[in-house]
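> Fold the following, please.
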Amino acid sequence: MFGYISRLLDSRSLSPHGFCLLWRPELLWTHVISDAFIFLAYMTIPAALAVIIRKRNDIPFSWVIWCFALFITACGFTHFMSIWTLWNADYGVEALVKVVTALASVATALALWWLIPVAVAIPSPARLRQVNQELERRIQERDEAIAALQRETAERQKAEAALAQAQKMDALGQLTGGIAHDFNNLLQAIHGSLDLIRRRSEDPARVRQLAEGGIDAAERGARLTGQLLAFSRTKQLKLDTLMVSDLAAEMRELFTRAIGADIDLRFDLARDEAPVMTDRNQAELALLNLVINARDAMPGGGRVVVKTERVTVEAAEPDLAPGDYMKLSVIDSGVGMAPEVVARAFDPFFTTKPVGQGTGLGLSQVYGFARHTGGIARIASTPGTGSIVSILIPIVTSPVRRAAPLKAGQPVSAVAAGRVLVVDDDDSVRGVAVEALRSMGVDVLEASSGAQALGFDDSEPPDLALLDFAMPGMNGADLARRLRERWPELKILFVTGYADMQQLDGNLGPQAHILRKPYRFEDLQAALTEALAPVQI
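Down below sits the predicted model:
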């Protein structure tokens with residue numbers, strides 16, 4: 001092989017083929033110039049192909065272009081050798097260049113034939129436009145579908161809210177008889193205490209005892225009213241720390257009226273309790289839903305146990321992080337649930353009750369409440385043996401703030417000095433508040449309406465405004481905005497038993513507070529002390 005190449009490159013016995021053209025220079029230089037231009041053109045083509053491949057590295061068959069570039073380069077060198085051999089007899093080198101050119105041309109030709117189906121399958125510009133139009137149409141359809149889904153979701157949320165409110169009112173309807181009885185008892189206790197106080201005003205000890213009895217009855221009514229408002233009103237969630245066992249114990253009377261005399265209601269409350277962070281009204285609603293569901297699961301009577309306990313989750317579980325939780329459970333001895341019912345029990349609108357006896361939102365509200373607190377709701381049930389529905393709520397480290405009530409007969413001490421504007425359309429309620437404030441050493445301005453409150457002189461502005469919310473003409477929220485326009489630094493204390501929380505939220509902040517009716521004098525004292533304290537920045 002090497003001998004063959006050596007003989008091929010031996011040019012000692014050969015003469016340049018341009019020797020015969022020396023007497024025809026015009027013919028010689030025509031060949032030279034033509035081959036030179038062809039050679040230069042052939043050299044620029046591979047360079048252009050290299051630039052294309054570098055800028056379009058996504059071309060799927062770039063290796064074929066490299067083969068074509070090699071073929072063009074070899075062809076260019078054959079023309080260069082045509083010029084070279086006019087004056088040099090290196091015909092062997094020219095032959096090797098032609099061998100390389102032949103191999104490159106054959107490889108390129110085979111590759112092109114193999115590439116024909118691939119190249120034909122490449123979409124044409126017209127096809128690409130058609131595909132793009134189809135894609136745009138599908139995207140538009142998807143956007144329209146998403147918009148329709150959003151509208152349907154909004155409508156469903158409205159329907160769920162309406163059904164939830166209907167369920168609350170249904171619960172109120174079931175409780176009406178027992179509640180009326182309770183309120184009559186409370187009113188009798190208050191009325192009787194006041195009547196005896198009037199008759200025995202000369203006996204201070206007996207008067208004090210009767211007053212305490214009347215106050216206790218009023219506070220029972222306040223607790224019952226607060227629980228009813230949790231079901232009858234719509235309000236934004238208000239997170240606060242509370243004790244789950246205390247919450248369950250406070251609702252004992254309400255549960256007793258809700259489930260009837262044929263059901264044995266028991267409480268098993270934890271002693272090693274810790275505080276949780278949640279919305280009190282939503283917690284009450286969730287617990288009442290569980291108790292009513294337990295009652296409905298025992299049409300012939302039975303036993304319901306409200307149980308609280310402290311549990312620790314060691315390892316992460318689905319939808320539940322490790323940590324300490326308070327577990328609130330309602331256990332019944334009813335008919336129980338089949339596994340397929342348990343699997344769907346938390347689904348909105350799913351119910352096994354007859355039409356008109358349930359909306360299917362009770363347990364879904366319980367589940368939503370549990371997830372909102374950062375916990376989870378679970379069901380354990382077997383047909384014929386009853387059910388256990390549990391809510392796990394994360395324990396928080398911050399302590400529960402509890403008001404320390406005054407002892408019987410203990411006088412109300414003075415609060416921080418200041419001038420207070422009292423606005424209430426009820427003369428008796430306003431009169432009691434004014435008298436209580438004056439007994440605390442507070443300078444009081446009183447008004448029976450928003451218009452009268454706005455008529456006071458600006459020379460001695462009040463430090464705090466104590467406002468009733470529900471007043472004719474101008475409610476407390478509107479009055480607060482007007483007063484703030486006159487006195488930007490004025491602090492607001494709303495005193496109300498029921499209010500539109502969205503309207504109040506616009507006036508809340510570092511200078512606004514809420515005191516719920518009915519209240520003791522010491523509650524008013526604490527609220528004033530807090531409201532008049534300097535704002536911490």
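> ranges for the strands of the stretch 251-400 of the chain?
Ranges of strands in the stretch 251-400 of the chain, per DSSP state E, counting those that start in this stretch, are 263-268, 276-279, 302-313, 323-332, 376-382, 386-394.
> rank these by mean pLDDT and give me the bottom one.
Of all the strands of the stretch 251-400 of the chain, the minimum mean pLDDT falls on strand 276-279 (a mean of 85).
> Can you list the helices and strands that that strand packs against?
Judged by 3 or more Cβ pairs under 8 Å, 6 or more residues apart in numbering; DSSP states H and E, strand 276-279 is in contact with strand 239-242, helix 362-372, strand 386-394. Every residue, glycine included, has its C-beta placed from N, CA and C.
> most packed of the ones you listed?
Among the helices and strands packed on strand 276-279, ranked by average contacts under mean count of other Cβ atoms under 10 Å, first place goes to strand 386-394 (a mean of 22).
> and after that strand, which helix or strand comes next?
strand 419-423 (DSSP states H and E).
> What values do phi and psi take at residue 48?
Main-chain torsions, residue 48, degrees, to the nearest 10: phi -60, psi -40.
> Could you report the pLDDT at it?
Residue 48 is given a pLDDT of 86.
> how about it, what does it touch?
If you count contacts by Cβ atoms under 8 Å, 6 or more residues apart in numbering, residue 48 has none.
> how close does it sit to residue 72?
Applying Cβ to Cβ, to the nearest Å, the value for residue 48 to residue 72 is 10 Å.
> what ranges do the helices span in the stretch 151-300 of the chain?
Taking DSSP state H, counting those that start in this stretch, the helices of the stretch 151-300 of the chain run over residues 204-232, 244-250, 252-259, 280-296.
> Out of the ones you listed, which is the most enclosed?
helix 280-296 (a mean of 22).
> got the angle for it vs strand 376-382?
Angular relation of helix 280-296 and strand 376-382 on a 0 to 180 degree scale: 10 degrees, by axes from the mean of the first three to the mean of the last three Cα atoms, to 10 degrees.
> distance between helix 280-296 and the chain's centre?
Remark: helix 280-296 is offset 24 Å from the chain centroid, using Cα atoms, centre = their mean, to the nearest Å.
> and that helix, what's its mean pLDDT?
Per-residue scores along helix 280-296 average to 86.
> Could you dump the strands of the stretch 251-400 of the chain into a markdown table with distance to residue 289 added?
Formatted as a markdown table, those follow (distance: least, Cβ to Cβ, whole Å):
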| stretch | distance to residue 289 |
| --- | --- |
| strand 263-268 | 16 |
| strand 276-279 | 14 |
| strand 302-313 | 13 |
| strand 323-332 | 9 |
| strand 376-382 | 11 |
| strand 386-394 | 9 |
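> For residue 426, which of these is the nearest?
strand 276-279 (29.5 Å; Cβ to Cβ).
> For the helix or strand containing residue 483, name the packing helices and strands.
Assigned by DSSP H and E, residue 483 belongs to helix 476-486. Counting contacts by 3+ Cβ pairs under 8 Å, 6+ apart, helix 476-486 is packed against strand 419-423, helix 450-453, strand 464-468, strand 491-496, helix 501-505.
> relative to strand 464-468, how tilted is it?
160 degrees.
> Of all the residues in helix 476-486, which ones are buried?
Along helix 476-486, these residues count as buried under the neighbour rule (16 or more other Cβ atoms under 10 Å): 476-480, 483-484.
> quick one: least confident helix or strand in this structure?
helix 501-505 (a mean of 51; mean pLDDT, DSSP states H and E).
> Could you look up the next helix or strand downstream of it?
Downstream of helix 501-505 (by DSSP H and E), the next one is strand 512-516.
> pLDDT of the next helix or strand after that next one, averaged?
Next along the chain after strand 512-516, taking DSSP H and E as the criterion, comes helix 521-532. Helix 521-532 shows a mean pLDDT of 82.
> Pull out the buried positions in helix 521-532.
521-528, 531-532.
> Domains in the chain, by residue range?
According to automatic domain parsing, the chain comprises the domains 2-121, 235-394, 419-532.
> Ends of the shortest one, what's the gap?
Yep, that's domain 419-532 we're talking about. From its first residue to its last, domain 419-532 covers 10 Å (Cα to Cα, to the nearest Å).
> about what we covered before: wait, which of the strands of the stretch 251-400 of the chain is closest to residue 490?
strand 276-279 (29.4 Å).
> Buried residues, the closest one. List them.
Buried, per 16+ other Cβ under 10 Å, within strand 276-279: 276-279.
> and if you look at stretch 326-344?
326-337, 342.
> Between all of those, which two are separated the most?
326 and 335 (28.3 Å).
> circling back: and the helices and strands packed on strand 276-279: which comes nearest residue 114?
helix 362-372 (60.9 Å).
> Check which helices and strands the closest one sits against.
strand 276-279, helix 280-296, strand 376-382, strand 386-394.
> Save these as JSON lines, and put in distance to residue 367 too.
What follows is the helices and strands packed on helix 362-372, written out as JSON lines (distance: least, Cβ to Cβ, whole Å):
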{"stretch": "strand 276-279", "distance to residue 367": "14"}
{"stretch": "helix 280-296", "distance to residue 367": "9"}
{"stretch": "strand 376-382", "distance to residue 367": "5"}
{"stretch": "strand 386-394", "distance to residue 367": "9"}
